[in-house]
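Trainee: dropping the sequence and predicted coords here.
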Amino acid sequence: MTALYSVQTGYNLERIRARIVGVERQVPLLDGSQRTYINFDNTASTPILRDVKETVDRFLEWYASVHRGAGFKSHVATRAYEDARRIVAEFVGANLQEHTVIFGKNTTEALNKLARRFPFEPGDVVLVSLMEHHSNDLPWRAVANVVHVGLDARGALDEADFDRKLAQYQGRVKLVAISGASNVTGYINPIHRLAAKAHAAGAQIAVDCAQLAPHRRMDMRPLDDPEHLDYIALSAHKMYAPLGTGALIGRRDTFERGEPDYRGGGTIEIVTTDWVEWADPPDRDEAGSPNVVGAVALAAALQALNKIGMEAVAAYEAELTAYALERMARVPGIRLYGDPDPAHAAHRLGVIPFNLENASHFLVAAILGTEYGIGVRNGCFCAHPYVLHLLKVDKAEAERVRQDMLRRDRRTMPGLVRASFGMYNTPEEVDVLIGALEDIAAGRYRGTYVQDPASGDYTAVGWAPDFSRYFTL
């Protein structure tokens with residue numbers, strides 16, 4: 001695995017791991033020992049970069065109200081906030097003459113905002129793929145007619161079906177909403193090719209980049225480029241800056257029109273008892289006091305990622321993913337979902353969903369955490385239609401599960417186990433995962449586990465760690 005320390009890309013894993021806060025933190029195991037925690041749940045949230053923590057610590061000395069404060073600290077804070085906006089725009093290839101950067105809580109909030117602010121009319125259609133996170137599906141259902149584009153058996157976008165649906169609803173499709181990359185299988189969609197097709201059909205395109213942006217270089221491109229992206233959304237907590245912010249980057253002309261979805265301080269130019277003049281973007285869509293610290297943290301993370309080099313990050317993670325796929329394929333009784341071919345690792349993200357034969361996904365995840373100190377996620381990952389498709393769950397079975405869940409019984413809920421990598425994970429950590437999966441497959445785990453019907457989660461009998469020893473308020 002010497003290529004993981006690539007001279008060609010300048011990637012230095014040891015140096016990057018040293019910049020991750022808490023990467024060497026030890027956690028207790030069921031047998032009473034301690035082990036350095038292995039975080040393979042990066043798709044949900046990444047740890048924080050030391051660069052971000054240091055920048056935030058410096059900024060907190062100057063934190064103050066922004067935009068309307070007359071004091072010196074307010075001027076410093078305002079400049080930092082607007083610098084953060086510029087840094088986000090540059091990171092994704094946006095031009096602030098054509099685009100605006102709107103800060104908010106996360107990708108979910110950003111996509112909901114776009115759904116409320118996009119100028120839909122009755123009868124308009126939004127094309128959405130079946131692989132979407134709920135956050136890029138449910139908001140559109142509230143404001144337009146959603147048509148779902150199909151997938152192939154492995155869960156990749158059926159681009160022929162995309163073309164058919166685009167033609168079928170020609171003139172009515174106003175927006176294509178698509179993931180840049182799946183949070184379940186790591187598939188990367190051909191977003192620029194889809195953008196060209198959408199634009200040719202008179203539609204715009206919005207891309208959920210929550211998963212793609214931490215792993216690949218983004219480029220929205222100028223609006224006169226047929227392959228440009230009209231809107232993208234991303235979350236800081238998936239980009240090594242978990243301080244509660246995200247961004248919607250989109251066409252300025254869209255946000256210059258219409259009224260904001262949230263009204264109040266900061267959204268207006270002037271108000272009387274008779275009329276309101278709304279502020280220009282992005283102020284119109286940032287009601288109330290913003291998360292200035294979060295914006296600074298996101299900008300610091302993007303600067304750090306730029307220094308490392310997104311191409312180097314992608315190359316390293318592709319090698320790590322190929323290594324993991326090769327080793328996982330040899331675990332007895334494992335089923336890998338999505339594209340399991342290591343040769344394709346450069347064209348996907350390091351998100352690997354799997355199940356073990358005759359073992360609940362709830363149980364596998366619990367054993368990995370309790371006995372091996374490995375953090376993974378299990379379930380449907382806020383993408384229920386997608387996971388049901390991957391598992392080939394038919395409508396009758398889905399209805400049975402729904403009825404069980406309405407009775408607060410999740411014991412047989414379909415799902416997967418997901419291991420997902422960040423730029424700091426190592427081959428040695430993958431080896432620990434493989435050994436753990438081999439043990440579980442062979443029944444060589446220590447604990448006796450009981451399942452809670454309401455949550456579906458398993459816990460080991462007698463396992464009651466004192467969490468307050470590790471952190472408490």
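Mentor: Great, that's in hand.
Trainee: okay, CA-based contacts and neighbour counts for the rest of this
Mentor: Will do.
Trainee: show me the beta-bridge partners of the spatially closest residue to residue 414 that is not a sequence neighbour.
Mentor: Among residues not flanking residue 414 along the chain, residue 379 sits closest, at 7.0 Å (CA to CA, 6 or more residues apart in numbering). Applying DSSP bridges to residue 379 gives these bridge partners: residue 416.
Trainee: roughly how far apart are residue 379 and residue 430?
Mentor: 21 Å (CA to CA, to the nearest Å).
Trainee: do residue 121 as well
Mentor: 50 Å.
Trainee: just the pLDDT for residue 168.
Mentor: Here, the pLDDT recorded for residue 168 equals 97.
Trainee: now do residue 398
Mentor: At residue 398, the predicted lDDT confidence score is 89.
Trainee: just give me the neighbour total for it.
Mentor: Neighbour count of residue 398, defined by other CA atoms under 10 Å: 15.
Trainee: cool, and residue 117?
Mentor: Close neighbours of residue 117, defined as other CA under 10 Å, add up to 18.
Trainee: circling back: out of residue 121 and residue 430, which sits in the more crowded spot?
Mentor: Applying other CA under 10 Å to residue 121 and residue 430 shows that residue 430 carries more neighbours, namely 22 against 11.
Trainee: check contacts around the more buried one.
Mentor: By CA atoms under 8 Å, 6 or more residues apart in numbering, the contact set of residue 430 is residue 324.
Trainee: 10 Å instead, please
Mentor: 38, 40, 320, 321, 323, 324, 325, 327, 328, 419, 421, 436 (CA atoms under 10 Å, 6 or more residues apart in numbering).
Trainee: which ones among these map onto strands?
Mentor: Judged by DSSP state E, the contacts of residue 430 include 38, 419 as members of strands.
Trainee: measure stretch 140-155 end to end?
Mentor: 21 Å.
Trainee: any idea of the mean pLDDT in it?
Mentor: 97.
Trainee: again with stretch 105-114
Mentor: So the average pLDDT for stretch 105-114 ends up being 98.
Trainee: now it, how far from the chain's geometric center?
Mentor: Distance of stretch 105-114 from the chain centroid (CA atoms, centre = their mean, to the nearest Å) equals 12 Å.
Trainee: using CSV, list the CA coordinates for that stretch.
Mentor: What follows is stretch 105-114 as a C-alpha-only set of coordinates in CSV (Å, rounded to 0.1, in the frame of the first residue of the first chain):
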residue,chain,number,x,y,z
LYS,A,105,-27.7,25.1,8.6
ASN,A,106,-27.0,22.3,6.2
THR,A,107,-27.8,20.8,2.8
THR,A,108,-31.3,19.9,3.9
GLU,A,109,-32.2,23.4,4.8
ALA,A,110,-30.6,24.7,1.6
LEU,A,111,-32.7,22.4,-0.6
ASN,A,112,-35.9,23.2,1.2
LYS,A,113,-35.1,26.9,0.7
LEU,A,114,-34.5,26.4,-3.0
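Trainee: okay, strands next: where are they in the stretch 351-473 of the chain?
Mentor: Secondary structure of the stretch 351-473 of the chain (DSSP state E, counting those that start in this stretch): strands at 351-356, 374-375, 377-379, 416-420, 449-451, 458-460.
Trainee: so where's this structure uncertain?
Mentor: Residues of the chain meeting the criterion pLDDT under 70: 1-10.
Trainee: wait, residue 115 sits on residue 142?
Mentor: Yes: Residue 115 is within contact range of residue 142, at 8.2 Å (criterion: CA atoms under 10 Å).
Trainee: in terms of neighbours, single out the busier of the two.
Mentor: residue 115 (20 against 12).
Trainee: got the contact list for the residue nearest to residue 414?
Mentor: Applying CA under 10 Å, 6+ apart, the residues near residue 379 are 361, 362, 365, 387, 413, 414, 415, 416, 417, 418, 456.
Trainee: and the gap between the residue lying closest to the fifth one once chain neighbours are set aside and residue 131?
Mentor: By that I understand residue 413. Distances taken as CA to CA, 6+ apart place residue 401 nearest to residue 413, at 6.2 Å, with adjacent residues excluded. Between residue 401 and residue 131 the distance is 20 Å, computed by CA to CA.
Trainee: out of these two, which sits in the more crowded spot?
Mentor: More crowded of residue 401 and residue 131, by other CA under 10 Å: residue 131, with 30 against 19.
Trainee: with adjacent residues omitted, what lies nearest to the more buried one?
Mentor: Nearest to residue 131 is residue 386, by CA to CA, 6+ apart, at 4.9 Å.
Trainee: surely the one you found and residue 337 touch.
Mentor: No: taking contacts as CA under 10 Å, residue 386 lies outside contact range of residue 337: 11.5 Å.
Trainee: SS state for residue 248?
Mentor: strand (DSSP: H, G, I helix; E, B strand; the rest coil).
Trainee: beta partners for it?
Mentor: residue 102, residue 233.
Trainee: and it, how many neighbours?
Mentor: Neighbour count for residue 248, taken as other CA under 10 Å: 28.
Trainee: now do it against residue 335, distance only.
Mentor: Distance, residue 248 to residue 335, by CA to CA: 36 Å.
Trainee: ditto for residue 50
Mentor: From residue 50 to residue 335 the distance is 37 Å (CA to CA).
Trainee: the two: which is more packed in?
Mentor: Using other CA under 10 Å as the criterion, residue 50 and residue 335 rank with residue 50 on top: 21 against 15.
Trainee: my read: that one touches residue 15, true?
Mentor: No: taking contacts as CA under 10 Å, residue 50 lies outside contact range of residue 15: 11.3 Å.
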